[in-house]
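Colleague: model this:
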Amino acid sequence: AGNSKSSKSTAVPSGPPMYLDLVYIPNHSNSKNVDVEFFKRVRSSYYVVSGNDAAAEEPSRAVLDFLLEGKAQWDSNMQVTLIPTHDSEVMREWYQETHEKQQDLNIMVLASSSTVVMQDESFPACKIEL
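Modeller: From the prediction side, this is the model:
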């Protein structure tokens with residue numbers, strides 16, 4: 001009682017960092033469930049940035065900034081690749097405004113012009129070899 005501090009929960013339990021090859025940023029990269037602690041602890045070579053709904057703030061600019069802040073605290077400068085699932089205004093603006101910091105942190109944003117065609121449907125895709 002009397003504690004007015006926000007009780008924002010994080011999906012990442014306390015403990016040492018986890019190293020993974022590929023991570024899908026939860027909740028369509030919405031900042032309601034992902035904070036800087038996520039990127040401090042969940043360290044990946046590839047992050048999938050989903051979301052294509054500007055009204056719902058998906059993907060969230062804050063989440064992309066959390067990645068930069070979290071990655072800056074890693075003890076190594078391993079290469080990180082972001083894989084956006086959609087071409088969004090938020091992603092384009094963030095890329096342009098933070099490009100120098102991305103380079104300093106060894107972060108690359110994958111831009112894919114590949115298209116997969118299956119029967120009557122086509123969609124953008126990329127191939128990742130781990």
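Colleague: Tally up the residues packed near V49, please.
Modeller: A count of nearby residues for V49, using other C-beta atoms under 10 Å, gives 25. Glycine gets a C-beta too; all of them are placed from N, C-alpha and C.
Colleague: where in this structure is pLDDT low?
Modeller: 1-13, 112-114, 124, 127-130 (pLDDT under 70).
Colleague: those strands in it, which residues are they?
Modeller: 18-24, 42-49, 80-84, 107-109, 115-118, 121-124 (DSSP state E).
Colleague: As TSV, those strands with distance to L64 would be great.
Modeller: Converted to TSV, the strands of the chain look like this (distance: least, C-beta to C-beta, whole Å):
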stretch	distance to L64
strand 18-24	14
strand 42-49	7
strand 80-84	8
strand 107-109	10
strand 115-118	25
strand 121-124	19
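Colleague: closest to A56 out of these?
Modeller: strand 42-49 (14.4 Å; C-beta to C-beta).
Colleague: What pairs with the closest one, parallel or antiparallel?
Modeller: If you go by DSSP bridges, strand 42-49 pairs up with strand 18-24 (parallel), strand 80-84 (parallel).
Colleague: looking at the ones you listed, which is buried most?
Modeller: strand 80-84 (a mean of 21; mean count of other C-beta atoms under 10 Å).
Colleague: which residues sit against that strand?
Modeller: Residues from elsewhere that reach strand 80-84, judged by C-beta atoms under 8 Å, 6 or more residues apart in numbering: 44-49, 59, 67, 71, 91, 105-110, 112, 126, 128.
Colleague: remind me, longest helix of the chain?
Modeller: helix 89-104 (DSSP state H).
Colleague: residues touching H86, list them.
Modeller: S50, G51, N52.
Colleague: Out of these, give me the one that has the most neighbours.
Modeller: G51 (22 neighbours).
Colleague: Setting the sequence-adjacent residues aside, check what's closest to that one.
Modeller: E58 (3.1 Å; C-beta to C-beta, 6 or more residues apart in numbering).
Colleague: How many neighbouring residues does the one you found have?
Modeller: So E58, with other C-beta under 10 Å, has 21 neighbours.
Colleague: try N30
Modeller: 19.
Colleague: Surely it touches V49?
Modeller: No: using C-beta atoms under 8 Å, N30 makes no contact with V49, being 11.1 Å away.
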